[in-house]
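> Requesting a structural model of the entry that follows:
(2 chains)
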2 protein chains.
Amino acid sequence: MKVLYSIIFLFFCYTVNAQVNSDSILIKKIFDEELSNGQCYENLRYLCKGFGKRLTGSPIAAGAVEWSYHKMRSYGFDTVYKQDVMVPHWVRGATEKAHYELGKSMKIIPVSICALGGSIGGEIKGEVIEVKSFEELRALKKENVKGKIVFFNRPMDDTKINTFGAYGGAVNQRGRGAIEAGYMGAVGVIVRSMSVGINPYPHTGAMRYSDTVSKIPACAISTLDAEKLSDDLKKNTRLFFQYSLYSHTLPDTLSHNVICEIQGSEHPEEIMVMGGHLDAWDLGEGAHDDGAGLVQCLEALRLFKQMGIRPKHTIRCVFFMNEENGLKGGLKYAEMARLNNEKHVLALESDEGGFTPRGFSFDATGDTLARLLGYNKTFHPYYMDDFHMGGGGSDIGPLKEQGCVLMDLSPDTQRYFDFHHAATDVFEGVNKRELLMGAAGIAGIMYLLDTHWEEICGKQ
Amino acid sequence: MKVLYSIIFLFFCYTVNAQVNSDSILIKKIFDEELSNGQCYENLRYLCKGFGKRLTGSPIAAGAVEWSYHKMRSYGFDTVYKQDVMVPHWVRGATEKAHYELGKSMKIIPVSICALGGSIGGEIKGEVIEVKSFEELRALKKENVKGKIVFFNRPMDDTKINTFGAYGGAVNQRGRGAIEAGYMGAVGVIVRSMSVGINPYPHTGAMRYSDTVSKIPACAISTLDAEKLSDDLKKNTRLFFQYSLYSHTLPDTLSHNVICEIQGSEHPEEIMVMGGHLDAWDLGEGAHDDGAGLVQCLEALRLFKQMGIRPKHTIRCVFFMNEENGLKGGLKYAEMARLNNEKHVLALESDEGGFTPRGFSFDATGDTLARLLGYNKTFHPYYMDDFHMGGGGSDIGPLKEQGCVLMDLSPDTQRYFDFHHAATDVFEGVNKRELLMGAAGIAGIMYLLDTHWEEICGKQ
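Residues are numbered from 1 along each chain as shown, chains lettered A, B, ... in the order given. Below is the predicted model of the structure:
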């Protein structure tokens, strides 16, 4: 009996080791292929240079949809289609202008600003009140704010090692600043750009209004000019700030998510989806945000096809529309999945820039989470073994209620907010090898999870 | 008795935990200070813009020595001095010229080249023989090589995840190519640049001659032009390549290592040294190689001083001269340490670029190595916990025979060979946060190792 147990045990060890080895060998092949012949860097160049300012609802975004559809078709996937989605159509209009005038000397100081996404236009002139938080603003009396411009100047915390943490600690100024300032009677709102350190680029991003508060024109000021303005406010008893925004919102328009897939050989009804967002802010070219994520996910599916890897589950790649200012694409995708009784088991998003990938984060629980985290060893040779809890992402978030495991690619975060939503986010800011490493990593993890999914979920 | 043991055990746990906590708290303070008020990025700017082409032996290198000395003095360290060292003085001369002429059409194709460091000058014209390795060259008959130009065109292996591995697999073409080609009777040698992927920049670097083989002018060609030349060689039966190098070597000249230190409070006779190299190739500004390493190590010592951290051991920072083409500074430093009976217990080098730091590597053995690797947990919050065997570096290498533990900062390697030894290695290619993270990491590890050194070495 003991001998029999030993034989069974040895056979088990052999089988497990053989599987681990064959996984490692296949993943090595994926990295070799991508680092030698990857296409995603050239795809990103084409997307950025051809359709850089692909703001939701714009003709350029419509062009990017067509390019994406034809690019997917060219790869010969089992299915390629566009999914209709109505999206908001905000327009920046002409380039913004701004300056301030120092009270006594009447000296004119020009300022770099940009309208926040969703802002109304308008020509605003007024005195400036600087605050660091909503609490500080609310503590003022309304009569002291009325008719003035509120300047939210709380910096991102440079001491946060993960810069997304610093972003999270400052971004409410941008999202809700116009509501808070409007409520207090301000005529305009200026927000310090969401960027680390000091640089001359204004960073745009989404902002909201409330139905119950007057809408006021909202803009971002570069961190460099924010510092200077703050200094000048301390030195001058009176300071008049003037800015003109030409932005406005047109009626909602028809746009699309763009979708391609390879059908599963064993569980075609179970879908593993990966994707990023096709829309981008219009100051740069949407290279890191989120051209990089798009072309990486598409590349991962292309690698499956080219290398003849037939997945057990259906693997799908989605270019979501309108992540930046509405999330209509992600919501529509989840709605259609529900209506069509599609079963999503896994969703991966890449939307943190095309930087050196360091691992993946997962939104799962219990044994499933533990098993997922345990796969990090397979990615040690690629310096991508930081597997941690977290996961998700805006576009795939709505799939969570369907019981889908969410995850995302976690690149290094140090450089992200140099580019995010600013004129600096252009193709030249993306490093080829860093981008390709992410694409190979996504292909590798999708292969691994597809192969072992039933085990991971405790069904085997 | 049981109660006594329990009390002792609890006290032990408390002490160890208190120490771990106080280490973590201090290291957090170091990172906070550096990320908020770090000076090394501005130091790097000054060094690169003021003394960019600081080739060993050049007047600019002499200027960089003076700047370094005065910068160190300005920080008020216990000791600052220059250490004499005689160094080689190779000069590039005028900008190199090169083109080739296609046999039949007589079409002229211009080419981007640069002299390799140490090459003689000369005007060379000849047919080109392309080879991938010394073996391939040696397999040819001498009469087939005589009077021709040998073109070494073995690429760096893009599939190596750590790009230093790819460099190691190709760099012998640059170092020894002129000897091998000269031995076979060639009149010139062209080496494919040591760079990943395809780009238009020639990358220089050190090469050697042999006393027993005729010296021939040696240059590097960009990877882009290497690909094109290789294609044209396949398509054309005859192809004449012509290049002119104006480089030459002047007599050895006096230069200096620049050194500063804070004396140890408990073991002042035991030295922990950290550093990088002050000389740089002259095509760019030596920003990543190795301005970054220099300013990081200096910054680490400045943080000790500014934050009032008094080390137990003497901590020293050295700007080594002539790492690139002679290593005279590193050798002189070790020689003087021996002559002066200085006891070096630890040496850290930062010479792999100012990219996101991912950990440290150590050249140590047995329990000491195991204890060093165990400290990686302290650096987990900074995403710098990849502590591994390896370590060392050119400049600190000569200290090894004195029983010194060697280590280096290990940044992410994906982008390094985009910059290394090329015109692209300028200040603008360095990201501020990535650089500062490395400086804080070096300060943090030096603090930790200084605090626990006797434990680490098994003396407690």
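> C-alpha only now, for contacts and for neighbours.
Noted.
> Residues of the stretch 51-200 of chain A that sit close to chain B?
A:158-159, A:161 (CA under 8 Å from any CA of the partner chain).
> Just give me the neighbour total for A:Asn376.
A count of neighbours around A:Asn376, defined by other CA atoms under 10 Å in any protein chain shown, yields 18.
> let me redo that: A:Asn21
Neighbour count for A:Asn21, taken as other CA under 10 Å: 13.
> Can you tell me which of the residues of the stretch 51-200 of chain A next to chain B has the most neighbours?
A:Asp158 leads those on contacts (other CA under 10 Å) with 22 neighbours.
> Let me know the secondary structure of it.
coil (DSSP: H, G, I helix; E, B strand; the rest coil).
> Identify the residue nearest the closest residue to chain B within the stretch 151-300 of chain A in space, chain neighbours excluded?
Going by CA to the nearest CA, chain B is nearest to A:Thr159 of the stretch 151-300 of chain A, at 5.0 Å. Using CA to CA, 6 or more residues apart in numbering or on different chains and skipping the chain neighbours, the partner closest in space to A:Thr159 is B:Asp32 (5.0 Å).
> Tell me the first helix or strand C-terminal of the helix or strand in which the one you found is found.
Using DSSP states H and E, B:Asp32 sits within helix B:2-37. Remark: after helix B:2-37, the chain's next helix or strand is helix B:40-50, criterion DSSP H and E.
> Which pLDDT value goes with the residue nearest the centre of chain A?
Central residue of chain A (CA atoms, centre = their mean): A:Asp351, 3.5 Å from the mean position. The model reports A:Asp351 with a pLDDT of 98.
> which residues does it contact?
Shown in contact with A:Asp351 (CA atoms under 8 Å, 6 or more residues apart in numbering or on different chains): A:276-277, A:288-290, A:292-293, A:393, A:408-409.
> repeat for A:Gly353
A:Gly353 neighbours (CA under 8 Å, 6+ apart): A:288-290, A:292-293, A:411, A:416.
> Can you say which helix or strand has the closest residue to A:Gly57 other than its chain neighbours in it?
What sits nearest to A:Gly57 in space, not counting adjacent residues and going by CA to CA, 6+ apart, is A:His89, at 4.6 Å. Secondary-structure assignment from DSSP H and E places A:His89 in strand A:79-91.
> Not counting its own residues, what contacts the helix or strand just after that strand?
Following strand A:79-91 in sequence order, the next helix or strand is strand A:97-102 (DSSP H and E). Residues from elsewhere that reach strand A:97-102 (CA under 8 Å, 6+ apart): A:107-113, A:232, A:236, A:238-245.
> So which of those residues belong to helices?
Within the contacts of strand A:97-102, residues falling in helices by DSSP state H are A:Asp232.
> Just the buried ones from the contacts of strand A:97-102, in ChimeraX syntax?
Selection of buried members from these for ChimeraX, criterion 16 or more other CA atoms under 10 Å in any protein chain shown:
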select /A:111,112,113,239,240,241,242,243,244,245
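> Now do the same contact list for the closest residue to A:Pro411 other than its chain neighbours.
The shortest distance from A:Pro411 to any non-neighbouring residue, by CA to CA, 6+ apart, is to A:Pro357 (3.8 Å). Shown in contact with A:Pro357 (CA under 8 Å, 6+ apart): A:383-384, A:409-412, A:434, A:437-438, A:441.
> just A:Arg73 next, same as before
A:Val80.
> Can you tell me the SS state at it?
Per three-state DSSP, A:Arg73 ends up helix.
> What residues does A:Asn236 make contact with?
Taking CA under 8 Å, 6+ apart as the criterion, A:Asn236 is in contact with A:102-104.
> Neighbour count says what about these? Which are buried?
Using 16+ other CA under 10 Å, the buried ones in these are A:Leu102.
> which residues of the stretch 101-250 of chain A fall in strands?
With strands called from DSSP state E, counting those that start in this stretch, the stretch 101-250 of chain A shows them at A:108-110, A:113-115, A:122-131, A:149-152, A:188-192, A:218-221, A:239-245, A:248-262.
> How many residues are close by the residue nearest to A:Ser350 when sequence neighbours are not counted?
Closest residue to A:Ser350 in three dimensions, ignoring its sequence neighbours and counting by CA to CA, 6+ apart: A:Gly293, at 4.5 Å. Look at A:Gly293: counted by other CA under 10 Å, it has 31 neighbours.
> just checking, A:Gly293 touches A:Met274?
No: with contact defined as CA atoms under 8 Å, A:Gly293 does not reach A:Met274; the gap is 9.5 Å.
> returning to that earlier point: show me what the strand holding A:His89 is packed against.
Applying 3 or more CA pairs under 8 Å, 6 or more residues apart in numbering or on different chains; DSSP states H and E, one finds that strand A:79-91 contacts helix A:59-74, strand A:248-262, helix A:328-339.
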